[in-house]
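Q: Okay, predicted coordinates and the sequence, questions at the end:
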Amino acid sequence: SSVNRNISLYTTEDLIAWLTELKCKYDLQINRIPLKSLQDWAIKEDRIEHKDQKYFSVIATNITISNREVSSWTQPLVEPAQEGLIAFIVKEIYGVLHFLVQAKLECGNFDILELAPTVQTLTGDYKNPDYEVPFLKSILNAPKSNIWFDTKQSEEGGRFYREQNRNIIVEVGDEFSNKIPENYRWMTLNQLNDFIKFNNYLNIQARSILSAISFI
């Protein structure tokens, strides 16, 4: 899957055309508004948080350290409300392992869509019965023998406060259909490694979990 360039369900040209078509179909608009205009968010002395304790909070921090050019400073940090779940489903197609990738629309994307893992969600989302996460059951109900990788990772601390995600790679068999929603595609590891060379194709969650493959 990593070195074979000749066998894949979709060609690289197919994948670029698919992603380009989706970018033409969807749009991402960002509007700047005053903090005091936010609905359902509370501005407190040391934090900005959602009234239902959901999503994340922006907290005020006072940091002191002895071995940097600046010994102390204050800054905001993003504190997640829940642990995250990030997972790739992999399947052998034409004798070569393929990763199920989604084109994900997220706030902050420079070019509307980026390639993300099969599942990328917060635990608070998938425990909500009114919110359905595609392919989540295939991850949560996977037998242990099909789980290649399962670990928690602490995310970069310069912007986030105690953020951690559970990273999983799960293999599925022929019972898992190759037919998938329009914003998903099967890609080989070789194709993913090609896309990772360029900016704004693979999101940080996909790059983080792919970096662990060499340790499996």
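A: The structure has been received and is ready for your questions.
Q: Just give me the neighbour total for the nearest residue to Y94 once chain neighbours are set aside.
A: The shortest distance from Y94 to any non-neighbouring residue, by Cβ to Cβ, 6 or more residues apart in numbering, is to I7 (5.1 Å). In this view, the C-beta of every residue, glycine as well, is placed from N, C-alpha and C. Residues contacting I7 under the criterion other Cβ atoms under 10 Å number 13.
Q: Ignoring the adjacent residues along the chain, who's closest to K91?
A: What sits nearest to K91 in space, not counting adjacent residues and going by Cβ to Cβ, 6+ apart, is V172, at 5.1 Å.
Q: so the one you found makes contact with S138?
A: Yes - the pair formed by V172 and S138 meets the contact definition of Cβ atoms under 8 Å, at 6.3 Å.
Q: Find the residues that touch each one of those two.
A: I89 (Cβ atoms under 8 Å, 6 or more residues apart in numbering).
Q: right, and A116 touches A206 too?
A: Yes - look at A116 against A206 with Cβ under 8 Å: they come within range, at 5.5 Å.
Q: Find residues that contact each of these two.
A: Listed as contacting both A116 and A206 by Cβ under 8 Å, 6+ apart are V101.
Q: Between the two, which has more neighbouring residues?
A: More crowded of A116 and A206, by other Cβ under 10 Å: A206, with 25 against 22.
Q: what's the burial count for L19?
A: L19 has 21 nearby residues by other Cβ under 10 Å.
Q: backbone phi and psi for I93, please?
A: As for I93, its main-chain torsions (degrees, to the nearest 10) stand at phi -130, psi 130.
Q: which ones are touching it?
A: If you count contacts by Cβ under 8 Å, 6+ apart, I93 has them with L9, N178, W186.
Q: what is it paired to in the beta sheet?
A: As for beta bridges, I93 partners with V96 under DSSP bridges.
Q: Strands along this structure, start to end?
A: With strands called from DSSP state E, the chain shows them at 41-43, 47-50, 56-64, 72-80, 84-93, 96-105, 113-116, 119-122, 147-154, 164-172, 184-188.
Q: Using TSV, lay out these together with mean pLDDT and distance to K197.
A: Written out in TSV, the entries for the strands of the chain read as follows (pLDDT from 0 to 100; distance: least, Cβ to Cβ, whole Å):
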stretch	mean pLDDT	distance to K197
strand 41-43	93	38
strand 47-50	94	37
strand 56-64	93	31
strand 72-80	93	28
strand 84-93	95	19
strand 96-105	96	16
strand 113-116	95	13
strand 119-122	90	21
strand 147-154	92	23
strand 164-172	95	21
strand 184-188	97	14
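Q: Would you reformat those strands as a markdown table and include distance to I16?
A: Formatted as a markdown table, these follow (distance: least, Cβ to Cβ, whole Å):
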| stretch | distance to I16 |
| --- | --- |
| strand 41-43 | 39 |
| strand 47-50 | 38 |
| strand 56-64 | 33 |
| strand 72-80 | 32 |
| strand 84-93 | 19 |
| strand 96-105 | 12 |
| strand 113-116 | 11 |
| strand 119-122 | 22 |
| strand 147-154 | 28 |
| strand 164-172 | 25 |
| strand 184-188 | 11 |
